[in-house]
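**Student:** Can you look at this prediction? I've put the sequence above it.
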Amino acid sequence: MTDDTNASQRRAAGPLSAPGRIKEIASAANPIVKDIRALSQKRHRDETGLFLVEGLKLVLDGLDAGWELATLVVSKAALQGGSEVLTRVVSRAVGIGADVIEASAKVLEAIARRDNPQSAIGVFRRRLTPLSKVALASGEVAVALDRVRDPGNLGTILRTADAVGAKSVILVGDCVDPFSLETVRATMGSIFAVPVVRAKEAEFLAWRQGFSGQIVGTHMTGAVDYRTPDYAAATLLFMGNEQAGLSAEMAGTCDLLVRIPQAGRADSLNLAVATGVMLFEARRKALTL
């Protein structure tokens, strides 16, 4: 790894003069690149408290939301090509003390693990909200997910929760990591907007005892049409695992079990789609009451 002369000159000239450091890396074998690539593994994310965000828009979303950026990896070619937005993001990153790496195409491909990666990859520090901080007022809604396993489903649910103004997404039990690169991609930036909670089943059951709102779960045995409840109270929508649905114990915590009627031959909906249907119905009812 060598310091880039051009980068050093730009920093000395003034616009990027700040606590952050700018380096050029051309080899995917560089130890810094290896550390960043390791964030594709949950174990490494848990150990470091860091995660990857791919794409200039998502990096900007994170910065605008006030999340801590540790390292910004940018395409050297795009930066030298005069991208004004990328240059401003680099200046902003250095200004807040983040390290900036001007990377070759091979380095970006190695980190993103795909061809034709985007021009910026951010390494952000994770944020999780304690379950004890979850509180809902009348007409507000949050989502709880029982053992969701698919990163695309979780990312889409977070994006939908953001769209309807849901107050949080609670991951109960053995769920997919919300900070995996696949999940973050699917959120389209909503990972920075919706508080995420992780809770063990026993922790959730204890919290449920003090929750004064209603818990509405979707279940194959649900006898109530999902459009029937008024959702005027503080509402936690409880959605089950992709294959098995809500466990018997989690279904037992619900005040009401509902179903989404199926008109065709399909006997179930994709989890993210079903959650979207429930969220928008709850929002529609809350707005009309």
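**Tutor:** Good, I have the coordinates.
**Student:** where exactly do the strands run in the stretch 151-289 of the chain?
**Tutor:** Assigned by DSSP state E, counting those that start in this stretch, the strands in the stretch 151-289 of the chain fall at 169-172, 196-199, 214-218, 224-225, 235-239, 256-259.
**Student:** May I see those strands organised as JSON lines, with mean pLDDT, mean neighbour count and distance to L72 added?
**Tutor:** Just so you know, the C-beta spots here come from the backbone N, C-alpha and C atoms, and that holds for glycine as well. Compiled in JSON lines, those are given as follows (pLDDT from 0 to 100; neighbours: other C-beta atoms under 10 Å; distance: least, C-beta to C-beta, whole Å):
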{"stretch": "strand 169-172", "mean pLDDT": "98", "mean neighbour count": "24", "distance to L72": "27"}
{"stretch": "strand 196-199", "mean pLDDT": "98", "mean neighbour count": "20", "distance to L72": "23"}
{"stretch": "strand 214-218", "mean pLDDT": "96", "mean neighbour count": "22", "distance to L72": "41"}
{"stretch": "strand 224-225", "mean pLDDT": "94", "mean neighbour count": "12", "distance to L72": "49"}
{"stretch": "strand 235-239", "mean pLDDT": "98", "mean neighbour count": "27", "distance to L72": "35"}
{"stretch": "strand 256-259", "mean pLDDT": "96", "mean neighbour count": "18", "distance to L72": "45"}
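**Student:** Tell me which of those strands approaches E68 most closely.
**Tutor:** When the strands of the stretch 151-289 of the chain are compared by C-beta to C-beta, strand 196-199 sits nearest E68, at 15.6 Å.
**Student:** Which other helices and strands does that closest one contact?
**Tutor:** Counting contacts by 3 or more C-beta pairs under 8 Å, 6 or more residues apart in numbering; DSSP states H and E, strand 196-199 is packed against strand 169-172.
**Student:** Just the C-alpha atoms of the strand it packs on, please, in CSV.
**Tutor:** What follows is strand 169-172, C-alpha atoms only, in CSV (Å, rounded to 0.1, in the frame of the first residue of the first chain):
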residue,chain,number,x,y,z
VAL,A,169,-38.6,-3.9,12.9
ILE,A,170,-38.0,-6.5,15.6
LEU,A,171,-36.1,-9.7,14.7
VAL,A,172,-37.1,-12.5,17.0
